[in-house]
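Engineer: Build me a structure from this.
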Amino acid sequence: MIFIFLDFLSINFFAAVVFVGAIITALVLGISFHEFSHALVADRLGDGLPRRMGRLTLNPLAHLEPVGTLLMLMVGFGWGRPVPVNPNATRNPKAALGFTAAAGPLSNFVVAAVAGLPMKLDLVEWVSPFDKVRAEILALNGWTAGEYLSVYLSAIVLFSLILGVFNLIPIAPLDGFKVAVGFLPRDLSLSFARLEPYGPIILITLFLLPFFTGTFLLFEIMSPVIRVLARLFAGTTGDPFV
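Structural biologist: Have a look, this model is predicted:
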């Protein structure tokens with residue numbers, strides 16, 4: 001993300017400010033709403049732990065996690081402070097685990113859908129924050145308020161989708177792992193749950209893989225899903241990453 005910011009900064013200062021503002025908005029809205037949704041669903045299912053821990057709130061200070069936030073700023077995806085839950089306090093702990101975990105990523109898709117609605121209705125044009133060529137053209141011709149709004153909303157849509165899709169990957173400690181454990185048939189769920197200790201190692205390996213292979217496997221896995229969702233929520237017709 002820092003390189004995209006520098007590209008914008010070399011083209012147009014205000015475009016760079018809009019880009020950073022969109023990232024911060026996506027972070028604050030996305031992560032706060034994400035963690036609040038975990039807490040809300042757990043609370044509604046009978047798990048009072050998130051409420052007692054002060055996590056049933058939209059206050060960003062309760063949810064932002066330094067490392068996850070920094071990664072979101074640097075590479076485009078990250079995480080917040082995990083909401084402590086106790087599914088055993090509910091009537092159906094296994095299902096409660098799955099529903100509580102799924103609530104976070106789904107909330108990011110809600111943010112993307114709301115931010116993307118003006119583009120879906122053709123009220124605002126989609127302008128990918130990764131489209132350096134378009135930014136250069138706009139810099140030459142002059143940016144209008146509508147074009148700044150386009151970059152701002154497009155960036156919120158894209159980063160919200162990245163946050164949601166990343167967290168649905170079924171590798172511990174991401175939400176997708178708990179979703180799988182919660183919704184898979186019991187025997188398969190128990191077998192899958194045994195992989196939890198290896199999850200962080202797998203994630204670190206995937207993060208480091210591009211340095212050795214030149215291929216960002218996580219992006220290759222996530223990008224087709226993000227493209228489909230960007231088309232669904234914002235009506236994009238091309239590649240949202242260019």
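
Engineer: CA atoms for contacts and neighbours, from now on please.
Structural biologist: Will do.

Engineer: The chain: helices as residue ranges?
Structural biologist: Using DSSP state H, the helices of the chain run over residues 2-11, 13-44, 49-52, 66-75, 93-120, 132-141, 145-167, 175-183, 186-193, 199-213, 217-234.

Engineer: Okay, angle between the last one and helix 199-213 too, please.
Structural biologist: Read it as helix 217-234. Helix 217-234 runs at 100 degrees relative to helix 199-213, counting by axes from the mean of the first three to the mean of the last three C-alpha atoms, to 10 degrees.

Engineer: Tell me who's in contact with Pro60.
Structural biologist: The neighbours of Pro60, taking C-alpha atoms under 8 Å, 6 or more residues apart in numbering as the test, are Val28, Ile31, Ser32.

Engineer: Please repeat the previous calculation with a cut-off of 10 Å.
Structural biologist: Contact analysis of Pro60 by C-alpha atoms under 10 Å, 6 or more residues apart in numbering lists Leu27, Val28, Leu29, Gly30, Ile31, Ser32, Phe33, Glu35, Phe36, Gly80.

Engineer: count of residues packed around the third one?
Structural biologist: To tie it back to what came earlier, the one meant is Leu29. Leu29 has 19 neighbours, counted by other C-alpha atoms under 10 Å.

Engineer: how much space between it and Leu163?
Structural biologist: For Leu29, the distance to Leu163 under the criterion C-alpha to C-alpha, to the nearest Å works out to 11 Å.

Engineer: got it, and the fifth one?
Structural biologist: Here the criterion is C-alpha to C-alpha. By it, Ile31 lies 8 Å from Leu163.

Engineer: Pick out whichever of the two has more residues nearby.
Structural biologist: Neighbour tally, Ile31 and Leu163, criterion other C-alpha under 10 Å: the higher count belongs to Ile31, 30 against 25.

Engineer: Next up, the contacts around the residue lying closest to that one once chain neighbours are set aside.
Structural biologist: Once its chain neighbours are removed from consideration, Ile31 has its nearest residue in Gly80; the separation is 5.7 Å (C-alpha to C-alpha, 6 or more residues apart in numbering). Contact criterion C-alpha under 10 Å, 6+ apart gives 27-28, 30-32, 34-35, 60, 62-69, 72 as the residues in contact with Gly80.

Engineer: Please repeat the previous calculation with a cut-off of 6 Å.
Structural biologist: Contacts for Gly80 (C-alpha atoms under 6 Å, 6 or more residues apart in numbering) come out as Ile31, His63, Leu64, Glu65, Gly68.

Engineer: Per-residue pLDDT of Gly78, please?
Structural biologist: At Gly78, the predicted lDDT confidence score is 61.

Engineer: Having no further points to raise, I will conclude here.
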